[in-house]
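Trainee: missing the sequence, but the structure's below:
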């Protein structure tokens with residue numbers, strides 16, 4: 001029999017469960033063309049992932065850069081502080097509580113001038129003390145150990161101190177007398193000899209010169225400049241105390257002493273004095289113009305080393321000014337023409353005076369000698385024609401001191417004559433610097 005098809009109904013369709021719903025922010029996708037839907041979808045997904053990674057990397061880089069910058073700044077600050085600590089002087093060691101200082105002496109005054117001690121171009125500043133302190137040094141006198149007003153370790157004497165060490169300024173201790181006072185020899189309790197310059201007060205001019213000299217001398221220290229030991233300021237008393245230079249002055253050895261100086265000693269004295277004056281002109285700040293250079297202000301030690309003294313007439317020339325105009329003071333025969341006529345003071349004024357000192361060393365004659373024939377009293381005017389002849393023809397003529405008996409080195413004589421001629425030129429601008 002033919003098989004009969006039996007109808008069986010299809011199995012029921014079971015609906016699949018809906019996919020889980022995640023709370024994710026839908027991504028925006030730009031419209032795509034139908035042909036590139038699959039490719040664009042892949043690139044879009046990859047591009048979104050790349051952008052996400054770039055932002056995380058940028059955040060990490062910024063954080064690392066910030067930390068590196070902070071580390072660099074910290075290291076820089078540490079290095080700067082370390083260098084500053086090295087540059088600073090070591091702090092004083094802790095000390096025990098010191099008792100209150102004794103009351104100041106009767107002649108105590110506060111000091112107002114600034115100062116420093118210089119040696120061959122190297123300056124040492126004194127510690128700043130607003131007022132002078134009374135103390136007792138090795139000499140048994142009150143002094144200021146590091147007074148910022150008057151130099152560096154300058155002793156402050158009383159009139160009684162100085163009268164005691166000079167036998168009450170007796171005549172046998174009188175070393176000399178100048179326009180501003182007398183100079184006496186004294187012996188400190190430790191045996192150290194000193195020279196005491198006792199200024200005349202008079203109309204107050206002496207006090208002004210005292211202030212100028214103390215301020216100037218306390219600022220400088222050089223082997224060819226007389227050193228200031230101390231000073232005295234009291235009612236009606238103005239005194240300076242110097243190191244004692246034992247071998248008198250150049251004036252004495254040239255014009256008083258019967259034993260003549262040999263040529264080698266004269267050259268040595270000229271070179272030493274030149275170095276001292278050059279230090280005042282070129283190494284002091286502000287520079288110092290001596291204003292009274294002469295043979296009697298050049299002291300000699302036992303080795304005939306020159307030391308320039310007497311800064312009572314000195315003036316400080318500020319670097320901003322080329323000259324200082326003030327009342328004309330000095331010694332006749334040594335004054336530069338422009339200074340004597342107009343009072344215009346420059347370093348070249350000292351050069352003229354030093355040229356006169358060189359002529360004294362060469363000729364043995366005084367700057368002004370009334371015993372000479374009429375017209376020859378002035379050493380400079382007498383020497384000018386001989387200087388020209390010596391420079392042009394190396395013919396020294398009557399220039400050399402006859403007491404040397406022609407015992408000199410000819411080339412050195414020629415150069416010293418040339419230096420003297422350059423220093424006494426009429427035109428100040430044509431004169432050399434002292435360093436030259």
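Mentor: Okay, I see it. Just so it is clear, the structure is predicted and the values come from calculations on it, not from any experiment.

Trainee: what ranges does the stretch 251-400 of the chain have for its helices?
Mentor: With DSSP state H, counting those that start in this stretch, the ranges of helices along the stretch 251-400 of the chain come out as 263-278, 337-342, 347-363, 379-393.

Trainee: put together CSV for those helices, with mean neighbour count on each row.
Mentor: C-beta here means a position set from N, CA and C on the backbone, and glycine is covered the same way. Rendered in CSV, the data for the helices of the stretch 251-400 of the chain read as follows (neighbours: other Cβ atoms under 10 Å):
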stretch, mean neighbour count
helix 263-278, 20
helix 337-342, 16
helix 347-363, 25
helix 379-393, 16
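
Trainee: between those helices, which one is closest to residue 59.
Mentor: Proximity to residue 59 (Cβ to Cβ) singles out helix 263-278 among the helices of the stretch 251-400 of the chain, at 70.5 Å.

Trainee: and the angle for that closest one with helix 347-363?
Mentor: Angle of helix 263-278 versus helix 347-363, following axes from the mean of the first three to the mean of the last three Cα atoms, to 10 degrees, is 170 degrees.

Trainee: hmm, who's touching helix 263-278?
Mentor: 222-225, 250, 261, 290, 293, 298, 300, 304-308, 350, 354, 357-358, 361-362, 404, 407-409, 412-413, 416, 433-435 (Cβ atoms under 8 Å, 6 or more residues apart in numbering).

Trainee: give me that answer again for 6 Å
Mentor: 222, 224-225, 298, 304-306, 308, 361, 404, 408, 412, 434-435 (Cβ atoms under 6 Å, 6 or more residues apart in numbering).

Trainee: of the residues you listed, which is the most crowded?
Mentor: Most neighbours among the contacts of helix 263-278, by other Cβ atoms under 10 Å: residue 298, with 30 neighbours.

Trainee: who's that residue bridged to?
Mentor: Assessed by DSSP bridges, residue 298 has beta-bridge partners residue 308.

Trainee: what's the pLDDT at it?
Mentor: Listed pLDDT for residue 298 reads 97.

Trainee: contact partners for it?
Mentor: Neighbouring residues of residue 298 by Cβ under 6 Å, 6+ apart: 250, 273, 306, 308.

Trainee: can you tell me how far it is from residue 190?
Mentor: Per Cβ to Cβ, to the nearest Å, residue 298 is found 28 Å from residue 190.

Trainee: equivalent analysis for residue 162, please.
Mentor: Taking Cβ to Cβ, one finds residue 162 at 15 Å from residue 190.

Trainee: what's the burial count for residue 160?
Mentor: 13.

Trainee: that one: which element?
Mentor: helix 159-165 (DSSP states H and E).

Trainee: mind listing the strands for the stretch 151-300 of the chain?
Mentor: 155-156, 174-178, 181-187, 193-199, 228-234, 237-243, 287-289, 298-300 (DSSP state E, counting those that start in this stretch).

Trainee: residue 261 and residue 252 touch, don't they?
Mentor: No - Residue 261 is beyond contact range of residue 252, at 10.6 Å (criterion: Cβ atoms under 6 Å).

Trainee: higher neighbour count, those two?
Mentor: With neighbours defined as other Cβ under 10 Å, residue 261 and residue 252 compare such that residue 261 has more, 21 against 15.

Trainee: not counting residues beside it along the chain, what's closest to that one?
Mentor: residue 253 (5.4 Å; Cβ to Cβ, 6 or more residues apart in numbering).

Trainee: what's around that neighbour, how many residues?
Mentor: That count, for residue 253 with other Cβ under 10 Å as the rule, works out to 20.

Trainee: quick check: domain ranges of the protein?
Mentor: 117-243, 250-430 (automatic domain parsing).

Trainee: weakest of these in terms of mean pLDDT?
Mentor: When I compare those, domain 117-243 is least confident, with a mean of 69.

Trainee: before we move on, the earlier item: the strands of the stretch 151-300 of the chain into a markdown table, with extra columns for distance to residue 69?
Mentor: Shown next, in a markdown table, are the strands of the stretch 151-300 of the chain (distance: least, Cβ to Cβ, whole Å):
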| stretch | distance to residue 69 |
| --- | --- |
| strand 155-156 | 59 |
| strand 174-178 | 72 |
| strand 181-187 | 70 |
| strand 193-199 | 66 |
| strand 228-234 | 58 |
| strand 237-243 | 62 |
| strand 287-289 | 50 |
| strand 298-300 | 67 |
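
Trainee: between those strands, which one is nearest to residue 371?
Mentor: By Cβ to Cβ (comparing all of the strands of the stretch 151-300 of the chain), the closest turns out to be strand 174-178, at 22.2 Å.

Trainee: mind telling me what element residue 71 is part of?
Mentor: Assigned by DSSP H and E, residue 71 belongs to helix 37-87.

Trainee: now that helix: average pLDDT?
Mentor: 69.

Trainee: sorry, back to before: from the contact counts, what lies against the helix holding residue 160?
Mentor: Packing partners of helix 159-165 (3 or more Cβ pairs under 6 Å, 6 or more residues apart in numbering; DSSP states H and E): none among the helices and strands.

Trainee: in that helix, what's buried?
Mentor: Within helix 159-165, the residues scored as buried using 16 or more other Cβ atoms under 10 Å are 159, 161-163, 165.

Trainee: for it, give me every contacting residue.
Mentor: 141, 186-187, 196, 232, 234, 237, 239.

Trainee: buried ones among these?
Mentor: The buried subset of these (16+ other Cβ under 10 Å) comprises 141, 186, 196, 232, 234, 237, 239.

Trainee: and which of those residues is nearest to residue 176?
Mentor: Of the buried ones among the contacts of helix 159-165, the one sitting nearest to residue 176 (Cβ to Cβ) turns out to be residue 196, at 11.6 Å.

Trainee: what residues does the closest one make contact with?
Mentor: Neighbouring residues of residue 196 by Cβ under 6 Å, 6+ apart: 162, 166, 184, 186, 239, 241.

Trainee: right, I'll leave it there.
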